[in-house]
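Novice: Provide a 3D model corresponding to the input given below.
(one chain, ligands or ions: 1)
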Amino acid sequence: MKTLDLHLQSKSLDYQILIGKDLLSQNKHFTPVIQGQQVFIVSNKTVAPLYLETLQASLKGYECSVFLLEDGEQHKSFASYQHILDAMLDAGLRRNATLIALGGGVVGDMAGFAAATYQRGIRFLQIPTTLLSQVDSSVGGKTAVNHPKGKNLIGAFHQPSRVITDINTLTTLPDREFKAGIAEIVKAAILYDVTFFEWLETNVSKILSHDEEILVTMIERSCAIKAEIVSLDEKETGVRAWLNLGHTFGHAIERSLGYGELLHGEAVAVGIAMAAEYAVKMFGLPSEDSVRIVRLIESFGLPINIQSEQYHINATILAEAMTLDKKNVDADLTLVLPKSIGEVTIKHSVKVQDVERFLVGYLDMNIV
Ligand SMILES: NC(=O)c1ccc[n+]([C@@H]2O[C@H](COP(=O)([O-])OP(=O)(O)OC[C@H]3O[C@@H](n4cnc5c(N)ncnc54)[C@H](O)[C@@H]3O)[C@@H](O)[C@H]2O)c1
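Specialist: Numbering: from 1, shown residues only. You can find the predicted model right below:
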């Protein structure tokens, strides 16, 4: 097992991320961070049949209540959030209760928001069960629900007391979801760590065959990069924006195609490839770096382009969708672009017309 210490500006909020095998079945990983006697578990109807029993066995002796969400991003809603709070009130949870989120990013974000707001905030533990949630959403303390006007518009920063990542959970994760998580890992390497990028290049087949030691190392390095960036910028006023590499293109793809067509990680994979090519064309990224980035994404079986005809979208629609990005600071676009492998830069005031012109050529390449 590997343990990562996450240091935040307020020392009292520091916490650990444990990464390893069979962690869920070991009571010793939970007891030091559970407060009081009451534990409230939030999971969903897909994950609970797989892992809830093991978790509950590790929590013997505590007064446990469980709430199961319907599965799916469409249930990351106000209605579900209220149902969680209703169940917490019905269970008579006191302020010293502990909430445990068992599931992917949807469960983690929503349960985290419930923990952040129930009686002005109670303790919470994350047990992320998708690769994406293990390397991304469980690190950094962002919690949220969606609003009909957009994703994650309502939320709070609320750091967990511990993240327990049991890689056994990846054995039941659909392959497509596993690969979608890899997109965020490739992103972390591009923006921060050329050595890790090279390590990924070397270990593609071991990663895809779920070599346990390799998975633990990969998840740890990826979390460490996010943790380092978050600890520099907890509330997202500066360098945390680096984590948006590929996301302005990616979010625009998700929005234009309709949510659910591509998984978030798949849209991010395309977005990273686009950002790399755009950086070559406009800002002098060496083309051999872009080639390596695109090749690595492809070697994990992730897409690098979209079939614009199939989805009836074009460069104008995509560029228009990019103007809606929350991270833009003026009428132009803000883009995070690779400067080299291991380093990114934030470009403000990027003209929408320039990006649109670039996208016309990119979408035409017909590589998917
Ligand atoms: N808070 C953050 O910083 C942050 C960062 C990135 C993404 N997010 C959020 O995360 C969400 C996406 O998370 P996700 O990709 O984990 O999606 P998800 O939570 O919807 O999980 C994907 C699917 O896998 C299933 N699943 C989960 N674990 C499983 C397992 N071990 N075995 C079998 N099936 C399993 C889920 O039930 C679901 O059907 C989005 O809502 C996004 O906004 C948040």
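
Novice: just say helix, strand or coil for the residue of the chain most remote from its centre.
Specialist: Most distant residue from the mean C-alpha position of the chain: Gly61, 32.7 Å away (Cα atoms, centre = their mean). Judged by DSSP: H, G, I helix; E, B strand; the rest coil, the three-state class of Gly61 is coil.

Novice: with just CA atoms, put the worst-scoring helix or strand of the chain on mean pLDDT into CSV.
Specialist: Here the helix or strand of the chain ranked lowest by mean pLDDT, DSSP states H and E is helix 308-311, holding a mean of 78. Provided in CSV are the C-alpha atoms of helix 308-311 (Å, rounded to 0.1, in the frame of the first residue of the first chain):
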residue,chain,number,x,y,z
SER,A,308,-18.1,15.5,-37.1
GLU,A,309,-20.5,14.1,-39.8
GLN,A,310,-21.8,11.4,-37.5
TYR,A,311,-22.6,14.0,-34.8
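
Novice: go through that helix and flag the buried ones.
Specialist: Judged by neighbour count (16 or more other Cβ atoms under 10 Å), helix 308-311 contains these buried residues: Ser308. For the C-beta atoms, the positions are set from N, CA and C on the backbone; glycine is no exception.

Novice: the helix or strand following that helix - contacts with which helices or strands?
Specialist: Sequence-wise, the next helix or strand downstream of helix 308-311 (DSSP states H and E) is helix 315-322. Where contact means 3 or more Cβ pairs under 8 Å, 6 or more residues apart in numbering; DSSP states H and E, helix 315-322 is packed against helix 247-257, helix 352-364.

Novice: which other residues reach the one helix or strand Ile154 maps to?
Specialist: In this assignment (DSSP H and E), Ile154 forms part of strand 150-157. Outside strand 150-157, the residues within contact range by Cβ atoms under 8 Å, 6 or more residues apart in numbering are 78, 109, 113, 116-117, 141-147, 234-235, 259, 326.

Novice: so it versus helix 247-257, what angle?
Specialist: Between strand 150-157 and helix 247-257, the angle comes out at 130 degrees (axes from the mean of the first three to the mean of the last three Cα atoms, to 10 degrees).

Novice: now strand 150-157 - C-alpha only, CSV.
Specialist: Taking Å, rounded to 0.1, in the frame of the first residue of the first chain, the C-alpha atoms of strand 150-157 are listed here in CSV:
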residue,chain,number,x,y,z
GLY,A,150,-25.0,23.6,-16.4
LYS,A,151,-22.7,21.0,-14.8
ASN,A,152,-21.4,21.4,-11.2
LEU,A,153,-22.7,24.9,-10.9
ILE,A,154,-23.7,24.5,-7.3
GLY,A,155,-21.1,23.2,-4.9
ALA,A,156,-18.6,23.8,-2.1
PHE,A,157,-15.0,23.1,-1.3
